[in-house]
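1. I would like to see how this sequence folds:
(one chain, ligands or ions: 1)
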Amino acid sequence: MIQKYTYGAPLRTDAVVHEIPAENGSPAYGTVNTQNSFTFTYRMSADDIVYGLGEANRGINKRGYCYTSDCTDDPNHTEDKRSLYGAHNFIVVWGAQTFGMFFDYPSLITFDIGYTRADTLSVSCESADLDVYVITGDTPYDIVKQFRRMTGRSYIPPKFAFGFGQSRWGYKTKDDFRKVAAGYRENHIPLDMIYMDIDYMDSYKDFTLSSEFSRFPEFVREMKEDHIRLIPIIDAGVKVEDGYSVYDEGVKNDHFCKREDGSFFTAAVWPGDTHFPDFLDPKAREWFGDKYRFLTDQGIEGFWNDMNEPAIFYSREGLAEAKELARRFAQSDGGSWDGQQEEVGVWQMGDKLQSLANSPEDYRRFYHNINGKKVRHDKVHNLYGFNMTRAAAEAFERIDPDRRFLMFSRSSYIGMHRCGGIWTGDNKSWWSHLLLNLKMMPSLNMCGFLYAGADLGGFGADTTRELLLRFLALGVFTPLMRNHAALGTREQECYQFEGIEDFRHVITVRYRLLPYLYSEYMKAALNDDLYFKPLSFVYPEDRMAARIEDQLMLGNEIMIAPVCEQNGKGRYVYLPEEMLFVKFLPDGTVSEEIFGQGVHYVDIALNEVPMFIRKGKCIPLADPAECVDDIRTDHLRIIGYAGTEYVLYDDDGIHKDYENEKNYRTLRN
Ligand code: GLC
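-> Next comes the predicted model:
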């Protein structure tokens, strides 16, 4: 059962697709205070667990910290950070009382989950204008499914998007891309996509190509003949440059966000000064979305949307303030500065320069046009990335309504899960981020984001062979499986390391499992279900299962338990019931061993991929292939418990004929 409570005059976010009439009164759980601001407070019992919040820091059980939904471009995901790139305001409390809550609020909102007081859950935001949905059900799983139904079907990518992708910030020329393609193909490491980061553009201008990419359609074809799709990045900010058609049109037709005085707001991002399209205005969305045609017309089938929090390096105003501070400081010429010591001045200068990026002040400096109403950006900040990706998704419907396009975004709000997937942004080559990657997955799924994954190997900092292999062994199971790294870091394409055969083997396991992973993804998407679940969703009676934070259930048949530690030769696993321990060995064979309920230590070498098949279940396994197009789904082997069946979902991977009964086939072991 879902109940909706409306406070004040909320702004429509379009997170919810199945509207529910608002109730009078207040939620059955906790207390709401709307004096001056909004606060929901609930007294938690000692053993209550809190799930949700999608792309957020720390554990699967969110209890014990404070999180803020405030879409932020922050490449340092250290444990102390409260905000990442997304705003996913859905939580489930499980314990003495079990209920879910969705706070549909487009601006900054804080979830203090036992941080200030260990027993108190407190959700607060500045303005008491929001819709609060309260969901009751028997279990967290049941509550999540109701929430997912209310917010609509998750995005479904084309099948090739379940292949492996290579990315790196810094590929500039056709030959850079050819080198990557050759590095994979010559070493027989499977590959389906190479991502084009900002250097493919002319001066970082959206919907342009640098002079290196003349005769682009031919190049797209050349790659596609090798079964490789090129996936370009699109950034939110449009470069300010007279004569650049996207800029000129945006100015002429009033598609950019404006300052209070009506002038266009200018912020520096990769191209230097940019204007931000007003994605909250349907007309601007339509205009920007149609620009993707520039690339789809040349054969491109997928994109990633970036810098759409929106990220701001500095604004004109911020820079002017910093310059003024510097001028005053310089004038002091070593003497006292504004009556203070020189070193204090140095710190102030440092602070000012550091706070130029993504400053809350800048988010108060520009406005959107929402149905003719001028709305200050900070009031709707968390909707920006969602609406950029929505612009693309709406355009894809016009470009080819029968076709699926690959699309994932950095910033998001609930509702965007219908338009695209997400990647979890600028992680680092740290072991702790491998674990964070795992922990985020079920929470993201709860909020609707099924097509998700992290930068495997780590984006910032230098990776190691061992870390990359372990990252990949988790990535084998995440719908988005992409190796991506930052400019200036160690090269981390799989062929750059010694013992290439280990990389070939681990990624090949992905392709062997792909019919199963795709089938489970599609079933999850089509039934508003989860692809990744915490163990407790499947074993709610098992109190031990609820404590497990480093193993996940995937689909209906398997459990994964990757190694997340340097020099790990294996790990402890908890089995809520008897399961079949499966290891994909480097010689291409599969070892199978039954383990009983309880705790076990299992050996897992660096070149092995482990997983568990649940009791009484089986899964299909394909022959090795080097691209998704070559996977033979008419030739599948079954592994798992004897005498069992698996219902496989499969389709052409391109079109949207999802409801066809022909897509289901029963396989017997
Ligand atoms: C941002 C993105 C990253 C990309 C870089 C350059 O940091 O998160 O993935 O490589 O910008 O475009």
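
2. near the ligand, which residues of the stretch 51-200 of the chain?
-> Where the stretch 51-200 of the chain comes near the ligand, counting by C-beta under 6 Å from any ligand atom, the residues are 169, 197-198. C-beta here means a position set from N, CA and C on the backbone, and glycine is covered the same way.

3. May I ask which of those has the most neighbours?
-> Using other C-beta atoms under 10 Å as the contact criterion, the top neighbour count among these goes to residue 198, which has 24 neighbours.

4. so that one sits right up against residue 232, yeah?
-> No - checked against C-beta atoms under 8 Å, the pair residue 198 and residue 232 is beyond contact range at 9.3 Å.

5. give the contact list for residue 155.
-> 393, 407, 417-421, 450-451, 525 (C-beta atoms under 8 Å, 6 or more residues apart in numbering).

6. Next up, the contacts around the closest residue to residue 29 other than its chain neighbours.
-> Distance criterion C-beta to C-beta, 6 or more residues apart in numbering; nearest residue to residue 29, sequence neighbours excluded, is residue 99 at 5.3 Å. Contacts for residue 99 were tallied using C-beta under 8 Å, 6+ apart; they are 28-29, 92-93, 134-137, 143.

7. what do you get if the cut-off is 6 Å, keeping everything else the same?
-> Contact criterion C-beta atoms under 6 Å, 6 or more residues apart in numbering gives 29, 93, 136 as the residues in contact with residue 99.

8. Pull out the buried residues from these.
-> Neighbour-count burial within the contacts of residue 99 applies to 29, 93, 136; the criterion is 16 or more other C-beta atoms under 10 Å.

9. Just want the phi and psi numbers for the residue nearest to residue 29.
-> Recorded main-chain torsions at residue 99 are phi -160, psi 160, according to degrees, to the nearest 10.

10. Who does it form a beta bridge with?
-> Bridge pairing for residue 99 (DSSP bridges) gives the partners residue 93, residue 136.

11. tell me the contacts of the spatially most central residue of the chain?
-> Nearest to the geometric centre of the chain sits residue 422, at 2.7 Å (C-alpha atoms, centre = their mean). The contact partners of residue 422, taken as C-beta under 6 Å, 6+ apart, are 408-409, 412, 449, 452.

12. Distance check, the residue in the stretch 1-150 of the chain positioned nearest to the ligand against residue 655.
-> At 6.2 Å from the ligand, residue 75 is the closest residue in the stretch 1-150 of the chain, using C-beta to the nearest ligand atom. When C-beta to C-beta, to the nearest Å is applied, the distance between residue 75 and residue 655 equals 38 Å.

13. follow-up on the earlier one: what distance do you get for the residue nearest to the centre of the chain to residue 341?
-> As for residue 422, its distance to residue 341 is 46 Å (criterion: C-beta to C-beta).

14. now swap in residue 37 and tell me
-> Residue 37 sits 39 Å away from residue 341, taking C-beta to C-beta as the criterion.

15. now residue 365
-> With the distance defined as C-beta to C-beta, residue 365 ends up 32 Å from residue 341.

16. out of these two, which sits in the busier spot?
-> Neighbours were tallied for residue 365 and for residue 341 using other C-beta under 10 Å; the higher tally belongs to residue 365 (22 against 10).

17. which SS class is that one?
-> At residue 365 the chain is in coil, as set by DSSP: H, G, I helix; E, B strand; the rest coil.

18. let's number from 853 now, not from 1
-> Fine by me, first position is 853 from now on; the one you just mentioned is residue 1217.

19. In TSV, list the contacts of residue 951 along with pLDDT.
-> Written out in TSV, the entries for the contacts of residue 951 read as follows (pLDDT from 0 to 100):
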residue	pLDDT
881	97
945	98
988	98
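
20. quick one on the thing from earlier: leaving out chain neighbours, which residue sits closest to the residue of the stretch 853-1002 of the chain closest to the ligand?
-> In space, residue 927 comes closest to residue 1278 once its chain neighbours are excluded; the distance is 3.6 Å by C-beta to C-beta, 6+ apart.

21. I'd assumed residue 1311 was in contact with the one you found.
-> Yes - in this structure residue 1278 lies within contact range of residue 1311 using C-beta atoms under 6 Å: 4.7 Å.

22. Among these two, which residue is more densely surrounded?
-> Under the neighbour definition other C-beta under 10 Å, residue 1278 and residue 1311 were set side by side, and residue 1311 has more, 27 against 20.

23. gap between the more buried one and residue 1323?
-> For residue 1311, the distance to residue 1323 - C-beta to C-beta - is 11 Å.

24. Over to residue 1358?
-> Distance of residue 1358 to residue 1323, given as C-beta to C-beta: 10 Å.

25. And the residue of the stretch 953-1102 of the chain closest to the ligand?
-> Scanning the stretch 953-1102 of the chain for proximity to the ligand using C-beta to the nearest ligand atom identifies residue 1021 as nearest, at 3.6 Å.

26. Start from the N-terminal end of the stretch 1003-1152 of the chain and give the helices.
-> Using DSSP state H, counting those that start in this stretch, the helices of the stretch 1003-1152 of the chain run over 1026-1038, 1068-1077, 1097-1104, 1134-1143, 1145-1148.

27. can you put these in TSV and add mean neighbour count?
-> Conversion of those to TSV gives the following (neighbours: other C-beta atoms under 10 Å):
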stretch	mean neighbour count
helix 1026-1038	17
helix 1068-1077	15
helix 1097-1104	16
helix 1134-1143	19
helix 1145-1148	18
